[in-house]
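[1] The following block contains a protein sequence and its predicted model.
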Amino acid sequence: MTEYRRAWLPGATWLQTTPEPMEDRFLVTCPYCGEDVEIYLEPDVEGSLVQDCEVCCNPWQLRIWTNGDDRHVTAARADGSE
Ligand SMILES: [Zn+2]
């Protein structure tokens, strides 16, 4: 099934393309080492989860939420440090 989103905000760019229908890729910036790391999340994943940084192995507290058709991911430190 191919479905094109028709919603287009003037001046906006496509934030995300998803060639694979079964998974979404996101780029998050590690709050520890500052590297941009691409992560893969299943389409039905939402809420909070802990995942280790692939670069420095520190734990992220990931928050995933959906706003309309868009998904957003933020990574914060899961060990409570600043
Ligand atoms: Zn890191």
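    The structure has been received and is ready for your questions.
[2] Mind listing the residues bridging to the residue lying closest to Glu54 once chain neighbours are set aside?
    Nearest residue to Glu54, sequence neighbours excluded (C-beta to C-beta, 6 or more residues apart in numbering): Val37, at 5.5 Å. Quick note: C-beta positions are derived from backbone N, CA and C, even for glycine. Counting by DSSP bridges, Val37 is bridged to Val28.
[3] Quick check: buried residues in the one helix or strand Ala75 maps to?
    If you go by DSSP states H and E, Ala75 is part of strand 70-77. By neighbour count with 16 or more other C-beta atoms under 10 Å, strand 70-77 contains the buried residues 71, 73, 75.
[4] Likewise for stretch 37-47?
    Quick answer for stretch 37-47 (16+ other C-beta under 10 Å): 37, 39, 41.
[5] That stretch and the ion in contact?
    No. Shown here: stretch 37-47 not in contact with the ion (C-beta under 5 Å from the ion), separated by at least 6.8 Å.
[6] one step back: now, which of the buried residues of stretch 37-47 sits nearest Ser48?
    Leu41 (12.2 Å; C-beta to C-beta).
[7] Spit out the contact partners of the closest one.
    Shown in contact with Leu41 (C-beta atoms under 8 Å, 6 or more residues apart in numbering): 23-24, 26, 64, 71, 73.
[8] got a pLDDT number for Asp44?
    Looking at Asp44, its pLDDT is 84.
[9] And for the one 5 residues further on?
    For Leu49, the pLDDT comes out at 94.
[10] Please name the residues that touch it.
    Shown in contact with Leu49 (C-beta under 8 Å, 6+ apart): 62, 64.
[11] any idea which element it lies in?
    Under the assignment here (DSSP H and E), Leu49 is part of strand 47-52.
[12] tell me the mean pLDDT for the helix or strand just after that strand?
    For strand 47-52, the following helix or strand on the C-terminal side (DSSP H and E) is strand 59-67. In this model, strand 59-67 has an average pLDDT of 93.
[13] what's the answer for stretch 26-39, then?
    Stretch 26-39 comes out at a mean pLDDT of 96.
[14] what residues does this protein put near the ion?
    So far as C-beta under 5 Å from the ion goes, the chain lies against the ion at 30, 32-33, 53, 55-56.
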